[in-house]
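Enquirer: Fold the following.
(2 chains)
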Amino acid sequence: MPLKLLAQLSTRNLFRHRRRNLMMLLAIVVAVAGVILTNALIRGMQYDMREAAVANLTGHIKVLAPGYLDDPNIEKSFRLAPDWQPDVPAGEVEGWAARIRIPAVIMSERETRGIQFVGVDPARENISFLGDVTLIGEGLKDAEDGRVLIGVELARQLETEVGRRLVIITQGLDGKNREAGFRIAGLYDAEGTALEKQFVFTGVGALQKMVNADVVTEVSVKLQDDALVTDDKLELDVKSRLASFFSTLDVMDWQELEPQAAAMFVYVDSAILIWFLVIMGALIFGLVNTLVTAVMERIREFGMLRAVGMKPSAVVMQVVLESTIIMLVGVSVGIVVGWLLCTAWLGDGIDLSRWSEGIEMAGMRSRLTPRLMGHDVILVTVLSLVFGVIAALYPAWRAVKLKPLEAIRR
Amino acid sequence: MSDLVVRCHSISRTYQDDSVPVRALVDVDFEVARGEFVSLAGPSGSGKSTLLNIIGGLDRPDAGTVEVDGVGLNQLSESDLSDLRLHKLGFVFQAYNLIPVLSARENVEFIMQLQGVPAGERHGRAEAMLEELGIESMADRRPGEMSGGQQQRVAVARAIVTHPVLLLADEPSANLDSTTTEELLKLLRRLNEEHGVTIVTATHDPLVMSYARRQVRLRDGRIIEDSAREAA
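Expert: Here you go, the predicted structure:
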């Protein structure tokens, strides 16, 4: 059966009832554009959550002393050679940072709070949220800087300000409490209070002196986003290299360190598919209805086609082609409209700062930017075409159910 | 190859009409020789259309055997019957049954396309057929833009352009006025006489009967008269 002939018949039949098919086409365009836009927003939320989790001093992969996660203190630490570099090809790693991160108590003249005291090399912290914060006052100059950087919210709770002194108490490697005074270099605004209340930063060298040990508690490695997209095994590969180098330490990825965010990341994949199936599933009923109407109007024509020798399979193919063509056009236009909505309309993202506290609890940041991903577009296209074929099966069966003679007599 | 194009032996066909059995054909023997122009005549319900449909492989008899061009139809599957209709038979229907989204030329080419005739040959044969039937000026018009007579001519062109061994016409004049009917019948007769096309038509129109050289009359599912006569 010449496919060209069937395609010609199918295409022309679609133009036979322009208004009806145009309405169906519009419904497909709106549904596909809507799915593309909402998928992109959900993806944006998904990746924002991951980036927030990774930026929260986690990184994609982290090296820790055994037992640190259960009991994080300076005793669960390790020495790192001064010239150490991760054994990973350039271009795959965005950066890495060695830190000391230990629990401590911070006191101002008026208040006392429990905090995570973090010794950092500020030059390496472009991989964490510390690289993006807004500063009031100064940042830390280098790894030996003995001042502290505290969050705006913590400063408010401690009723202190830039330039004032604070006392911090933590445990040294020898098990004894260490107490030292630190001047506030600056306050950081992290667009949310949770981080600002939790983390106080100083130079890693200064903190090593305070605990009297040349150690770190973690090495955090952040991979290149582009490399992660193109190579889905990169994370495992780097983790494996680090694990073989740090054979006596724990090497964990962000999914192990932030299981809630990781679970949400996986859940979103399913949610996107479910959302697509619901929207397109509803649309299919409309398409089936349109096709059944079109078939029943032409039942004599189908009878004639079979009477003159067209095989039932060719009649089925003709109906399937009609459905596929209308779906293909609708999906193509819908993708373009969806892409325009994602880029031209919401390209700068949606400002959610009004609900920043709730959003922070969900692990997101205050600006939601749509993220249109190639494999989502392919998924929408392929599944829509599959749905188009499925939608055509019942009308096609109606077209060939009657014998040619019965159909001609209708 | 036998000189007989159609050989029906003792065929019967009973329909269920609202659970009431209706005997459309009863023990009918019927043969058509190559090159004949036969009209099946009779009142409504006489069985003429049923006989035509059985010959055309669109219906199956309850009893008896049917052969078309030496091929026994009783044993053929639906798919094989489709092939037989495509390659050996031409149909002209009462309601023309052209494909509305195709032009006259494309309608004439349609069955050749199904047969897989190469495009060049297809175009040439369609053009020649339209010209022969005097409707070449309608070639690019769709059925909705043509009169009933023009549409029926296109339907005839579509049916015979593939050189079928048998042309079956079911009430070909039912939707035509007498002038157009006469033009159509002259055309059919010319095709029969000049091209040797074997034609079997079912009709209750005396004008159509008068153009056939052999009239077969049916009543209550039986052949009551089978006579050759001079055509009008």
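
Enquirer: contacting residues for the residue of the stretch 301-410 of chain A found nearest chain B?
Expert: Nearest residue of the stretch 301-410 of chain A to chain B (CB to the nearest CB) works out as A:Gly309 at 2.6 Å. In this view, the C-beta of every residue, glycine as well, is placed from N, C-alpha and C. A:Gly309 is in contact with B:Ser82, B:Asp83, B:Arg85, B:Leu86, B:His87, B:Ile111, B:Leu114, counting by CB atoms under 8 Å, 6 or more residues apart in numbering or on different chains.

Enquirer: So what does the fourth one look like in phi/psi?
Expert: If I follow you right, that is B:Leu86. B:Leu86 adopts backbone torsions of phi -70, psi -40, taken as degrees, to the nearest 10.

Enquirer: Return the per-residue confidence for it.
Expert: Looking at B:Leu86, its pLDDT reads 94.

Enquirer: so what's B:Leu168 closest to, chain neighbours aside?
Expert: Excluding its sequence neighbours, the residue lying closest to B:Leu168 (CB to CB, 6 or more residues apart in numbering or on different chains) is B:Gly56, at 4.9 Å.

Enquirer: Help me confirm that that neighbour comes into contact with B:Leu86.
Expert: No. Using CB atoms under 8 Å, B:Gly56 is not in contact with B:Leu86; the gap is 11.8 Å.

Enquirer: These two: which is more packed in?
Expert: B:Gly56 (27 against 18; other CB atoms under 10 Å in any protein chain shown).

Enquirer: if I look at that one, how far off is B:Pro43?
Expert: Separation of B:Gly56 from B:Pro43 (CB to CB, to the nearest Å): 21 Å.

Enquirer: go on, A:Leu69?
Expert: A:Leu69 sits at a distance of 97 Å from B:Pro43 (criterion: CB to CB).

Enquirer: higher neighbour count, the two?
Expert: Higher neighbour count among A:Leu69 and B:Pro43: A:Leu69, with 14 against 11, using other CB under 10 Å.

Enquirer: Quick check: phi and psi on the spatially closest residue to A:Leu223 that is not a sequence neighbour?
Expert: Nearest non-adjacent residue to A:Leu223, counting by CB to CB, 6+ apart: A:His60, 4.7 Å away. Note on A:His60: its backbone torsions stand at phi -80, psi -30 [degrees, to the nearest 10].

Enquirer: give the contact list for A:His60.
Expert: A:Val54, A:Val221, A:Lys222, A:Leu223, A:Leu228, A:Glu235, A:Val238, A:Asp253, A:Trp254.

Enquirer: let's see 6 Å
Expert: A:Val54, A:Lys222, A:Leu223, A:Glu235, A:Trp254 (CB atoms under 6 Å, 6 or more residues apart in numbering or on different chains).

Enquirer: Show me the beta-bridge partners of the second one.
Expert: Beta-bridge partners recorded for A:Lys222 (DSSP bridges): A:Gly95.

Enquirer: Tell me where chain B has helices.
Expert: All helices of chain B, identified by DSSP state H, fall at B:48-55, B:78-88, B:104-115, B:119-132, B:148-160, B:178-195, B:206-211.

Enquirer: Turn the ones you listed into JSON lines, including distance to A:Ala262.
Expert: Output for these, formatted as JSON lines (distance: least, CB to CB, whole Å):
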{"stretch": "helix B:48-55", "distance to A:Ala262": "69"}
{"stretch": "helix B:78-88", "distance to A:Ala262": "56"}
{"stretch": "helix B:104-115", "distance to A:Ala262": "58"}
{"stretch": "helix B:119-132", "distance to A:Ala262": "60"}
{"stretch": "helix B:148-160", "distance to A:Ala262": "66"}
{"stretch": "helix B:178-195", "distance to A:Ala262": "78"}
{"stretch": "helix B:206-211", "distance to A:Ala262": "82"}
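
Enquirer: Out of the ones you listed, which is closest to A:Ile350?
Expert: Closest approach to A:Ile350 among the helices of chain B is made by helix B:104-115 (53.0 Å; CB to CB).

Enquirer: which residues sit against that closest one?
Expert: The list of residues contacting helix B:104-115 from outside it, by CB under 6 Å, 6+ apart, reads A:2, A:5, A:308-309, B:86, B:98-99, B:122, B:126, B:129, B:138-139, B:141, B:154, B:157-158, B:161-162.

Enquirer: Quick one: buried ones out of those?
Expert: Among the contacts of helix B:104-115, those classed as buried by 16 or more other CB atoms under 10 Å in any protein chain shown are A:5, A:308-309, B:86, B:98-99, B:122, B:126, B:129, B:138-139, B:141, B:154, B:157-158, B:161-162.

Enquirer: Quick one: name the residues of chain B near chain A.
Expert: B:Asn53, B:Leu58, B:Asp59, B:Ser82, B:Arg85, B:Leu86, B:Phe91, B:Asn97, B:Val101, B:Ile111, B:Gln113, B:Leu114 (CB under 6 Å from any CB of the partner chain).

Enquirer: ends of stretch A:348-355, how far apart?
Expert: Length of stretch A:348-355, first residue to last, CA to CA, to the nearest Å: 18 Å.

Enquirer: What mean pLDDT does it get?
Expert: pLDDT averaged over stretch A:348-355 gives 74.

Enquirer: what's the spacing between that stretch and its chain's center?
Expert: From the chain centre to the centre of stretch A:348-355 is a distance of 17 Å (CA atoms, centre = their mean, to the nearest Å).

Enquirer: now the spatially most central residue of chain A: how far from B:His87?
Expert: Closest to where the C-alpha atoms of chain A average out (CA atoms, centre = their mean) is A:Tyr47, at 1.8 Å. Per CB to CB, A:Tyr47 is found 61 Å from B:His87.

Enquirer: same deal with A:Asp225?
Expert: For A:Asp225, the distance to B:His87 (CB to CB) stands at 63 Å.

Enquirer: give the contact list for whatever residue of chain B ends up closest to chain A.
Expert: Closest to chain A within chain B is B:Leu86: 2.6 Å, counting by CB to the nearest CB. Counting by CB under 6 Å, 6+ apart, B:Leu86 makes contact with A:Gly309, B:Leu114.

Enquirer: In chain A, where is pLDDT below threshold?
Expert: A:1, A:227, A:229-231, A:354, A:356-366 (pLDDT under 70).

Enquirer: domain assignment for it?
Expert: For chain A, automatic domain parsing gives the domain ranges A:3-52+A:263-409, A:59-254.

Enquirer: Just put the ones you listed in TSV and tack on distance to B:Phe30.
Expert: Shown next, in TSV, are those (distance: least, CB to CB, whole Å):
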stretch	distance to B:Phe30
domain A:3-52+A:263-409	19
domain A:59-254	74
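
Enquirer: Which stretch among these approaches B:Glu194 most closely?
Expert: In terms of CB to CB, the element of those nearest to B:Glu194 is domain A:3-52+A:263-409, at 23.9 Å.

Enquirer: so how far is the first residue of that closest one from its last?
Expert: Start-to-end, domain A:3-52+A:263-409 (CA to CA) is 28 Å.

Enquirer: quick one: B:Arg190 and B:Glu132, what's the gap?
Expert: For B:Arg190 relative to B:Glu132 (CB to CB), the value is 9 Å.

Enquirer: thinking again about what came up before, quick one: classify the residue of the stretch 301-410 of chain A closest to chain B as helix, strand or coil.
Expert: coil (DSSP: H, G, I helix; E, B strand; the rest coil).

Enquirer: Distance check, it against B:Lys88.
Expert: For A:Gly309 relative to B:Lys88 (CB to CB), the value is 9 Å.

Enquirer: who touches both of those two?
Expert: With CB under 6 Å, 6+ apart, A:Gly309 and B:Lys88 have no common neighbours.

Enquirer: on that earlier part again, now do the residue of the stretch 301-410 of chain A closest to chain B against B:Met129, distance only.
Expert: Using CB to CB, we find A:Gly309 at a distance of 18 Å from B:Met129.

Enquirer: Please pull out the lowest mean pLDDT helix or strand from chain B.
Expert: Of all the helices and strands that make up chain B, helix B:178-195 has the lowest average by mean pLDDT, DSSP states H and E, namely a mean of 86.

Enquirer: What helices and strands are in contact with that one?
Expert: With contacts taken as 3 or more CB pairs under 6 Å, 6 or more residues apart in numbering or on different chains; DSSP states H and E, helix B:178-195 sits against helix B:206-211.
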